[in-house]
Each structure stands twice: as C-alpha cells, then as structure tokens.
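Peer 1: sequence first, then the predicted structure, then my questions.
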Amino acid sequence: MSTSFAARRARGPAWAFAGADFWRLWYAGLTVFMVRWMETLAMAVFVYQRTGSAFLVAMTQMLRLLPMGLFGAFLGVAADRMQRRTALAIVTLMMAISSGALAALAWGGRLAVWHIMLACFVNGIGWAADNPVRRVAIGEVVGAERMGAAMSLDVAANNGSRMLGPTVGGLMLASVGIAGVFTASVLLYATSLAATLTLRYRNAHAPSGRSPVLARIAEGLAVVRQDQRLLGTLTVTVIYNVFAWPFTSMVPVIAQGSLHLSDAGTGLLQSMDGVGAFLGAILIGLVVRRPHYRTAYVGGVLAYLVMIIVFALLARPVPAGAALLAEGIGGSGFSIMQATLVYLFSPPEMRSRMLGVLSVCIGAGPIGFINIGLLADWLGAPTATVVTGIEGLVAMALAFPLWRRI
C-alpha cells in the first residue's frame, strides 16, 4: 500500500474512510444490489405467473447462488492474479449484457422462463465475485480496524436496496412490465461501471504469481482447518444459506398465493425485510464494536430463523410485514459480520482466497433452495418455510461447539 494512500486513510474521519475510492466501491455495490432485488422480485412473479410452481420460483434464486458453490474458490484465486478494479469492471459489464439481453427479449415479446433461469446463473457469477473482489478492495481501502464500520455501510446499502428494490420492481412490473425492469437494470449497471472505472485504488499486495490454482485453493482450506474461528464462522454461513436465506424465494409465493396481494403489494411486503435490515445495519454500525461481533453474527442468524417461522404462520399482510421487518433486523447482524469476521481472521495475503472460500460456503444455498422448493410443492409455501426454519434452529444447536469459538 502506498504511503500517501495509507496516510489519507489514517487521517480521514471515521465515516469518510478513504475518501472517494471507498464511496465509489460502495456505490458500485449499491447499484448492483438494487438491480439484484428489483430483478429477484420481477423474475419470481414472472415465473410464478407463467408456471404456478413454487419450486421453479425457488430455482431462480438457487441459480443465482449456484456459481458461488461452483466457482467461488476459483474466483478468489483469480482475484489474486489481477487488479480488482479490472475484475470488478469485467463482471459488471457481463451482468449488464445479461440484463440487456433479457430486456431485448421482453420488449420483443419473446421472453421465456428458461431465459430467466440462464440469466440468473450468469448474473450469479457476478454475485460470487463480490466478496473476493469488491469487498477485499473495500478492506484494503479502509484498513482492518475500520472494516466492521465499512461493512455496516456496505450492508446498509444492500439492505436499503432490499427495501427499495422489490417495491420499485413491483411498481415497474405493474406499470411498464418486466421489460421496463430489465431496462432500468442496464442503466443502473452503466452507472456502476462508470464508478468502477474511475477508481484510483490499486491492490495493496501485488497480483500473485502463476502457482497452480488447486494448490492455492488447498492453501486456503488449510488455513480454515487450522483456525477454529474461521471454521466456526464458515459453519454458521453454511447453516444460514441452507436453512434461512432460501425462505426469501417463498415470500412472493406466500404473498400472492396465501395473502392474495397484487404485484405492487407483493413488492411492498418483500421490501419490509429490507427496511428492517437497513435499520439494523445502521444500528450495528453505530453501536456494535469488535468484542461483540460474534454476538451480532450468531444472534442475527437465530433471530432470523425464529422470525421466518413467525412470518409463515401469519395470515394477514400487516402482521406478516412486521415479522419480515423483525427478521430483517436480525439478519443484518449476520450480513455485516459474515465478511467482516472472515476478513479479520484471515492472513492479509490470503484474504481474497478466504473470501472466495466464503463464497463457496454461501454457494451451499442451492441445497436449501431445492429443499424448500420441493417442500413447498408438497406441503405448501407456508409449511415449507416453517419446516426449514426449524431445521435451521436444530442445525445451529448442533453446531454450537464450533461457533462458540468465534
């Protein structure tokens, strides 16, 4: 890291971090998050209205997560071999092209469910690259001591988009159709790409050599085995992504199938999760300090699992929205601390690889989406959500010997 860059980071006020580069990285994430949540709602409604299958709705989110499991570790190694600014620009452009193709198909009246599924997988590659590329860059820009606060702001952006994205997506779906949603996605990606290309940041550590990819992945896994804190952190990540996160695919199904809401109402209901998560992120950023990171992380997962069970048992929109609000507040602790803890526990020269391993653990999510999708087709979406929530609580109890060491 250059002396001038480090000096600027040290002098800056707590919430200014490293100045323009942090905010460019933050904005690049914000726009991608916004697109993700707009499209998640629009795609789920489109697929459900075309097929009536809760399983296929779950598959749209499963395919977004699948690249994390397949490619997360490889992306972590790749991020070590090139400038992260370049990598971020490439994946943003790839996602823009994918959404642009969907917009063209939709405007032409030729959009099909399989197009949606393919685009979910392609855009999922960009999502898988976020941890080893953009978030490692944030850590290098702000420094380890400010990583928790930086992640609070970054997750607040994600959660703010979870609040606005489904609402905007639902309103656009009701007014201009799904073609308008994808067109807006392309425009947002363009602004994200512009922010990325103006970054002055360069990797703190020079891009690494050409040692074998599998050997570098093995080095990362060896670090996890040797550090009980990392092992516990990643175990909780797997549990959350298998038993907690997949319930989000059931919100549009429950909203339209059980609560009988319109497209706009469905978007508003789903946004309540984002409202809670946004408020939780702000609170954590202001109050939680490093000694309490484990409490925020584990407690957030437990609260999330309890509240999704409560949500599924409610039969009226307003109480259901309140449950999603509370669930979002709990989930914000997990979301903020997940990347923060892995970053802090990892050796500096291996952070990209370790966040690539984190992406692999997040990539366990497709197992959960298949599970809840099959259960929903068999038992109905509300019952499936209750079952997976209980499964998650049992898994957390069994994993106590691991996460207590975080």
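Peer 2: Right, received. Where do you want to start?
Peer 1: list the contacts for residue 252?
Peer 2: Each residue near residue 252 by C-beta atoms under 8 Å, 6 or more residues apart in numbering is listed here: 41, 44-45, 48, 57, 266, 270. All C-beta atoms are positioned from the backbone trio N, CA, C, and that covers glycine.
Peer 1: what do you get for residue 31?
Peer 2: Applying C-beta under 8 Å, 6+ apart to residue 31 gives the contacts 188-189, 191-192, 195.
Peer 1: any idea how far it lies from residue 158?
Peer 2: 11 Å (C-beta to C-beta, to the nearest Å).
Peer 1: same check on residue 302?
Peer 2: Residue 302 is 21 Å from residue 158, by C-beta to C-beta.
Peer 1: which of the two has more neighbours?
Peer 2: Each of residue 302 and residue 158 has its neighbours counted (other C-beta atoms under 10 Å); residue 158 has more, 27 against 18.
Peer 1: which element is the more buried one on?
Peer 2: helix 147-175 (DSSP states H and E).
Peer 1: helix or strand right after that helix?
Peer 2: helix 178-197.
Peer 1: which helices and strands sit right next to that following helix?
Peer 2: Helices and strands touching helix 178-197, by 3 or more C-beta pairs under 8 Å, 6 or more residues apart in numbering; DSSP states H and E, are helix 20-51, helix 84-107, helix 147-175.
Peer 1: export the ones you listed to JSON lines and append columns for distance to residue 122 and mean pLDDT.
Peer 2: Shown next, in JSON lines, are the helices and strands packed on helix 178-197 (distance: least, C-beta to C-beta, whole Å; pLDDT from 0 to 100):
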{"stretch": "helix 20-51", "distance to residue 122": "12", "mean pLDDT": "92"}
{"stretch": "helix 84-107", "distance to residue 122": "4", "mean pLDDT": "94"}
{"stretch": "helix 147-175", "distance to residue 122": "19", "mean pLDDT": "84"}
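Peer 1: these: which one's closest to residue 281?
Peer 2: Nearest of the helices and strands packed on helix 178-197 to residue 281, taken as C-beta to C-beta: helix 147-175 at 3.8 Å.
Peer 1: tell me the angle that closest one makes with helix 20-51.
Peer 2: Angle, helix 147-175 to helix 20-51, by axes from the mean of the first three to the mean of the last three C-alpha atoms, to 10 degrees: 40 degrees.
Peer 1: end to end, how far does stretch 130-140 reach?
Peer 2: Across stretch 130-140, the terminal residues are separated by 14 Å (C-alpha to C-alpha, to the nearest Å).
Peer 1: ok now that stretch, how far from the chain's centre?
Peer 2: On the basis of C-alpha atoms, centre = their mean, to the nearest Å, stretch 130-140 sits 14 Å off its chain's mean C-alpha point.
Peer 1: same question, stretch 384-397
Peer 2: 20 Å.
Peer 1: keeping just the C-alphas, turn that stretch into PDB.
Peer 2: Provided in PDB are the C-alpha atoms of stretch 384-397 (Å, rounded to 0.1, in the frame of the first residue of the first chain):
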ATOM      1  CA  ALA A 384     -42.200 -25.400   3.900                       C
ATOM      2  CA  THR A 385     -41.000 -22.200   5.500                       C
ATOM      3  CA  VAL A 386     -41.800 -23.300   9.000                       C
ATOM      4  CA  VAL A 387     -40.100 -26.700   8.400                       C
ATOM      5  CA  THR A 388     -36.900 -25.100   7.100                       C
ATOM      6  CA  GLY A 389     -36.800 -22.600  10.000                       C
ATOM      7  CA  ILE A 390     -37.000 -25.400  12.500                       C
ATOM      8  CA  GLU A 391     -34.300 -27.300  10.600                       C
ATOM      9  CA  GLY A 392     -32.000 -24.300  10.800                       C
ATOM     10  CA  LEU A 393     -32.500 -23.900  14.600                       C
ATOM     11  CA  VAL A 394     -31.700 -27.600  15.100                       C
ATOM     12  CA  ALA A 395     -28.500 -27.200  12.900                       C
ATOM     13  CA  MET A 396     -27.400 -24.100  15.000                       C
ATOM     14  CA  ALA A 397     -27.800 -26.100  18.200                       C
END
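Peer 1: going by neighbour count, which residues of stretch 363-382 are buried?
Peer 2: Across stretch 363-382, burial judged by 16 or more other C-beta atoms under 10 Å covers 363-373, 375-376, 380-382.
Peer 1: thinking residue 281 is in contact with residue 162, fair?
Peer 2: No. Counting by C-beta atoms under 8 Å, residue 281 stays clear of residue 162, with 10.2 Å between them.
Peer 1: so which of these two has more stuff around it?
Peer 2: Neighbour count, other C-beta under 10 Å: between residue 281 and residue 162, residue 162 has more, with 30 against 27.
Peer 1: excluding chain neighbours, what is closest to the more buried one?
Peer 2: Leaving out its chain neighbours, the residue that sits closest to residue 162 by C-beta to C-beta, 6 or more residues apart in numbering is residue 274, at 2.8 Å.
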